[in-house]
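*Asks:* structure for this input, please:
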Amino acid sequence: MKRGLLLIPLAIFLIVAAFLAKGLFLNPQELPSALIGKPFPAFELPSVHEGKAVTREALLGKPALVNVWATWCPTCRAEHETLNALASQGVVIHGVNYKDDNAAARKWLTDLLDPYQINIEDKVGSLGLDLGVYGAPETFLIDKHGIIRHKYVGAIDERVWRQQLAPLYQELLDE
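*Replies:* Numbers count the residues shown, from 1 in each chain. From the prediction side, this is the model:
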């Protein structure tokens, strides 16, 4: 009887250890999103530049990357040069300036160039919350109808663009 009681804690430990070990092999860039295949959330927020209201409808018409960024985010700075290069090649990129100071955001875009065709000021993070954003940078790939097709967490660099996002973007352009 005592021997059986001793095996219970060991069994519990092994089960917990198995679940924790599984986490060691997960890719942190692959955070699941319940929004894949669903419309980009409705919103009405000011533009970073003009302050005039921007809505979901402004994002429609062409496939695009929607990049969640902030000036307080060092990883966003690291990816900014790549975004500028993509924009210069004709890739449509929209920005969501997430929980940031708008004056700092405008200065950043003046100093580092502005790759965004539309840039949304999400000062309190309401759009980010609707998107399920964990932090910045996060990038959503939407089709011409505003349906979210892919989510990428982390900085976009040349390798990420070439291997992961460019083929998906091209598919959407070809539709």
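
*Asks:* C-alpha from now on. contacts and neighbour counts both.
*Replies:* Noted.

*Asks:* just give the nearest non-adjacent residue to the spatially most central residue of the chain, would you?
*Replies:* Note on the chain: the residue nearest the mean C-alpha position is residue 138, at 2.0 Å, using CA atoms, centre = their mean. Distance criterion CA to CA, 6 or more residues apart in numbering; nearest residue to residue 138, sequence neighbours excluded, is residue 153 at 4.5 Å.

*Asks:* ok, the one you found touching residue 137?
*Replies:* Yes - when contacts are counted by CA atoms under 8 Å, residue 153 is listed as touching residue 137 (6.5 Å).

*Asks:* between those two, who's got more neighbours?
*Replies:* A count of neighbours by other CA atoms under 10 Å puts residue 137 above the other of residue 153 and residue 137, at 24 against 20.

*Asks:* for that one, give me its contacts.
*Replies:* 67, 68, 69, 70, 73, 75, 76, 153, 154, 155 (CA atoms under 8 Å, 6 or more residues apart in numbering).

*Asks:* part of a strand, is residue 150?
*Replies:* Yes - membership of residue 150 in a strand is supported by DSSP: H, G, I helix; E, B strand; the rest coil.

*Asks:* next, count neighbours for the nearest residue to residue 55 once chain neighbours are set aside.
*Replies:* Distance criterion CA to CA, 6+ apart; nearest residue to residue 55, sequence neighbours excluded, is residue 44 at 4.6 Å. Neighbourhood size, residue 44 [other CA under 10 Å]: 15.
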